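A.B. asks: Sequence and predicted structure are below.
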Amino acid sequence: MKDIFERTSVAVVDLKYPMNIGSVARTMSCSGYKDLNLVRPCPDWCNMDAIKYSLFGEPVLSSAKVFSSLEELKDKDTVLFGFSRRIGKNRSHPLMLTELGESIIKFHIKKKIVLVFGGESSGLSTQDLSICDHIVTIDPNLVCNSLSLPCAAAMVLYEFKRSLVKLKPLEQKNLKLDEGQAGMLSDRIRELLNKQGFIDNRDRKRVMPKLNSIIKRLSTSEVRLLHSIFKKR
């Protein structure tokens, strides 16, 4: 857990009020996060309001790095997780917050992680979310409206660290998708391909192992999505 945690940073995009930047720095300090990235912050982001609201998180605030674009944080060794409550046509199939730790351990255990939050008024834009590798949200049945930035950051940073502690015994090996779900999905795909004439007995030994390899790389939420799609057929 410690190794992943040390490679995790926080990014906030388009913040307008220094006090909120200070509040995020304070929340990060409470949970042990050290690296804060500010993308297009307000010009006076480190004024007295920010310092006052950061309290004992002032070292996090003073060491924050400033970027003009979220793309500057991306490279082949970094994975960006963007947080948004608004899920629609262009923001479909998000990862649930409770699945975040499992997803990182399963697919990105050697990567640098950036947890990305949007500004106070409208959150992350569709453009900025498109730069992120994954969209993460919370159960809409539990939270029915948008959270303020400090509240959202506190919820996410706590849950992320808690999930890493909980999953620590699994850190040195990939989490395996429930074999029953994976097997059912494989059977459904094979049945569909047979009906469509895409594969026959000769092709099955060549095609299905490749498809099964892909299925094993899917997250729990992605498998559930595919199951729900096939149920509607």
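C.D. replies: Structure's in. What do you need?
A.B. asks: how about residue 103, secondary structure?
C.D. replies: Taking DSSP: H, G, I helix; E, B strand; the rest coil as the rule, one finds residue 103 in the helix state.
A.B. asks: so which strand or helix has the most centrally placed residue in the chain?
C.D. replies: By C-alpha atoms, centre = their mean, the chain has its centre lying nearest to residue 81, at 3.2 Å. Residue 81 is part of strand 78-83, with elements assigned from DSSP states H and E.
A.B. asks: quick one: that strand to chain centroid distance?
C.D. replies: 5 Å (C-alpha atoms, centre = their mean, to the nearest Å).
A.B. asks: elements contacting the helix or strand following that strand?
C.D. replies: Per DSSP H and E, the first helix or strand lying C-terminal to strand 78-83 is strand 95-96. Strand 95-96 is packed against strand 134-137, with contacts defined by 3 or more C-beta pairs under 8 Å, 6 or more residues apart in numbering; DSSP states H and E. Where C-beta positions appear, they are placed from N, C-alpha and C, glycine not excepted.
A.B. asks: In its sheet, which strands sit next to the strand it packs on, and in what direction?
C.D. replies: strand 78-83 (parallel), strand 95-96 (parallel) (DSSP bridges).
A.B. asks: want to throw these into CSV with distance to residue 59?
C.D. replies: Below are those laid out as CSV (distance: least, C-beta to C-beta, whole Å):
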stretch, distance to residue 59
strand 78-83, 23
strand 95-96, 31
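A.B. asks: Which among those strands is found nearest to residue 114?
C.D. replies: strand 78-83 (4.8 Å; C-beta to C-beta).
A.B. asks: so where's this protein uncertain?
C.D. replies: Regions of the chain meeting the criterion pLDDT under 70 cover residues 1-2, 86-93, 140, 143-145, 168-181, 200-206, 213, 216-217, 219-221, 231-233.
A.B. asks: Helices of that one, residue ranges please.
C.D. replies: With helices called from DSSP state H, the chain shows them at 2-6, 18-31, 48-54, 58-62, 100-107, 126-131, 149-166, 179-195, 201-216, 220-231.
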